[in-house]
Structures are given as C-alpha cells and as structure tokens.
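Engineer: have a look at this fold, sequence not included:
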C-alpha cells in the first residue's frame, strides 16, 4: 500500500505514522527513511528501487519519504541546486512516470509512506494528481487539517473529562489561549496536567504548567494592563523577560501598540463612528473589545500613557536609565 500523510495538524499526523509502523510489528532494519526535501532527479528512481528490493526473509518493510520535494510548493522546497540543468518539464515528467509506474504495481511486501509534516501536499503538482488518481486502489490519502475552534474545544473537554481533570472557566480560557489552536500543544500540556497531582486546577495553575509563546504574552500584556489586572500584567511581563528573553526596550513598543490601538478605537467611538467604520479607520479587528478592555481610561489617559512610554523609550536608548525598574514603576502607576 502507498500512503500519503499530510496536513498542518502535526500531532495526529505523527500519531498516524506511528500507528502504521506499529501495526506491522517491524524491526528497525525493515524501516527505511528517505530525505525527500532536497531536489534530486533520481529521488523517485531511488524510492522505486528501495520499494522493490526483495527481502531475504520475506518480511514486511516500510519506506518513509520525508517531505518529498515534488509534493511541495516550489517556495517550500530546499533545492540543492537552484539552477536547473534540465528542463523543469522533463524532470517532472520523469519523476511522475516512475511514480505512476509504482502506483500501478506496488510491491505487496512494502508500504510506501509519503510523509508531509505540517503542510498540505500541493494539489497542483503532477505527482499529487497521480497519487490522487489511485486513491481507493493502491493509494490511501490521509489528511489532518487544522481543527476549527469548536472542534478544539470539544477535544479539550473530552480529554479533560477522560482524565478526570477539572478546570474552572478562567483556567480553561487560559489553556485554550496558550494552545493557540494547536492540538500538539494541548497533548503536551495534558501530560503535565496529569503529572501535577491535582485534579482541580485554576488559572494560576495553568500559567505555571503550560508555557505561553511570545505572541500570546504580547496579547496578554496589553489586555491585562488596559483592564487593570495587575497579576496577569506582571505574569505576562515576567514570561516575556524570563522565557522569551526579551529586554524592556523591546517590550515598550509592544505595549504601546496595544494602547495605541485602544486609543484610536476610543477616539473614533467618541466621534460617533460605528463599529465597521472604526474597524476601517483604526485598523483594528475588534475595536469594541479594545474599548471594553480599556473602559477604566478615557482617550486623554491613554494618550498620557503613550507619552510616558515614549519618554521612557528615549531615556533607555540615550542611556539615562536602565529601564527595568522604571518600566515596572510605570505599570504600577497605571494599574
């Protein structure tokens, strides 16, 4: 059988590959890997030869082709030689012909797996079209796309229930935020939650157990500051310093950007603009949420904070202050 495994959801993709290997009960000697990411005119010929090599003891074998360049978009391939010595058409035809030949008569003693880790195989390529032609015959195409929001929530709820882990609403919201749509991140987090020893967890537990990436901390810093949540503000700030390795001078423009967005949205609302008009003018996707988060301030307050951030930025860059203590004092002044 020939398998095409592709998609952006890497957890299920990797799990499926492992299932295919385990169900055959293969020894390491009967699992062969091929790096297909580098352009090579003989790649498909080499794969064909590997698949048709006769096993001395008649054992089942698997050939795994990682990131076959002919199934990726041109921009994604790691071409070893950017200057093609033969015509693209001739090379594609040669690879496609050999692939089609094998699809017609695959070796029953060998499973061939084309493994596209974290991306969709390019449907425009001739090789994909050939594989697609034989789906249901000698080819099995297994695709794992990114799950939608409601699917992610359903998976999280089911797995937490199965493992008897109970999160309050704030903890669950924090977990979903830190997952950032990645099921892989969730399953890694689930392993930590199971080892924690407590089955009832709150938001602080999740913040300690599940790492946040830089983008999440950027978003959390601005939102927590605007809404006046001191604990969340300083947790996001500390993670940006300790985990993401950022300096205060790099954090200042991130916070300023969030505040500027809220300021622009607020000014537009004060001038009587509707939400769609604010979106267009202020270039904010969720202007009403910006305004709601910052409702303890008026536009004059936000402008004053922006002025203070700009002055601190200048003082740090001119060497007048170190910045860390001054920035923390600024946060406390407005929280």
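Structural biologist: Looks like it arrived, so ask away. Not measured: the values here are computed from a predicted model.

Engineer: can we go C-alpha only for contacts and neighbour counts from here?
Structural biologist: Will do.

Engineer: okay, strands next: where are they in the protein?
Structural biologist: 2-6, 31-35, 61-66, 110-115, 139-143, 166-167, 200-201 (DSSP state E).

Engineer: make a markdown table out of those strands and add mean neighbour count and distance to residue 157.
Structural biologist: Below are the strands of the chain laid out as a markdown table (neighbours: other CA atoms under 10 Å; distance: least, CA to CA, whole Å):
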| stretch | mean neighbour count | distance to residue 157 |
| --- | --- | --- |
| strand 2-6 | 23 | 26 |
| strand 31-35 | 14 | 37 |
| strand 61-66 | 22 | 33 |
| strand 110-115 | 22 | 30 |
| strand 139-143 | 17 | 23 |
| strand 166-167 | 18 | 9 |
| strand 200-201 | 15 | 14 |
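
Engineer: now for the closest residue to residue 8 other than its chain neighbours, how many residues are close by?
Structural biologist: Nearest non-adjacent residue to residue 8, counting by CA to CA, 6 or more residues apart in numbering: residue 118, 4.1 Å away. Around residue 118 there are 19 other residues, counting by other CA atoms under 10 Å.

Engineer: which ones are touching residue 118?
Structural biologist: Residues counted as contacts of residue 118 (CA atoms under 8 Å, 6 or more residues apart in numbering) are 6-10.

Engineer: residues contacting the closest residue to residue 294 other than its chain neighbours?
Structural biologist: Leaving aside its chain neighbours, residue 294 sits nearest to residue 226 (4.8 Å; criterion: CA to CA, 6+ apart). When contacts are counted by CA under 8 Å, 6+ apart, residue 226 touches 259, 293-294, 296.

Engineer: what subset of the residues you listed is buried?
Structural biologist: In these, burial by neighbour count holds for 259, 293-294, counting by 16 or more other CA atoms under 10 Å.

Engineer: pop the domain breakdown of the chain in here.
Structural biologist: According to automatic domain parsing, the chain is divided into the following domains: 2-143, 149-209, 214-334.

Engineer: let me have those in JSON lines, extended by mean pLDDT.
Structural biologist: Shown next, in JSON lines, are the domains of the chain (pLDDT from 0 to 100):
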{"stretch": "domain 2-143", "mean pLDDT": "83"}
{"stretch": "domain 149-209", "mean pLDDT": "87"}
{"stretch": "domain 214-334", "mean pLDDT": "87"}
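
Engineer: packing partners of the lengthiest helix in the chain?
Structural biologist: In the chain, ranked by residue count with DSSP state H as the criterion, the top helix is helix 248-270. Secondary-structure packing of helix 248-270 (3 or more CA pairs under 8 Å, 6 or more residues apart in numbering; DSSP states H and E): helix 214-227, helix 275-282, helix 287-293, helix 299-317.

Engineer: what packs against the second one?
Structural biologist: In this structure, helix 275-282 makes packing contacts with helix 248-270, helix 287-293, judged by 3+ CA pairs under 8 Å, 6+ apart.

Engineer: ranking the contacts of residue 118 by neighbours, who comes first?
Structural biologist: Busiest of the contacts of residue 118 [other CA under 10 Å] is residue 6, holding 25 neighbours.

Engineer: what residues are up against that residue?
Structural biologist: So residue 6 contacts 13, 115-121, 142-144 (CA under 8 Å, 6+ apart).

Engineer: try 6 Å
Structural biologist: 116, 120, 143 (CA atoms under 6 Å, 6 or more residues apart in numbering).

Engineer: in CSV: the residues you listed, plus distance to residue 308.
Structural biologist: Putting these into CSV (distance: CA to CA, whole Å) gives the following:
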residue, distance to residue 308
116, 49
120, 47
143, 51
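
Engineer: on that earlier part again, ok, the contacts of residue 226 vs residue 171, which is closest?
Structural biologist: Set against residue 171, the nearest of those by CA to CA is residue 293 (19.3 Å).

Engineer: what's the burial count for the residue nearest to the closest one when sequence neighbours are not counted?
Structural biologist: Spatial nearest neighbour of residue 293, excluding adjacent residues (CA to CA, 6+ apart): residue 227 at 4.9 Å. When neighbours are defined as other CA under 10 Å, residue 227 has 19 of them.

Engineer: cool, thanks, signing off.
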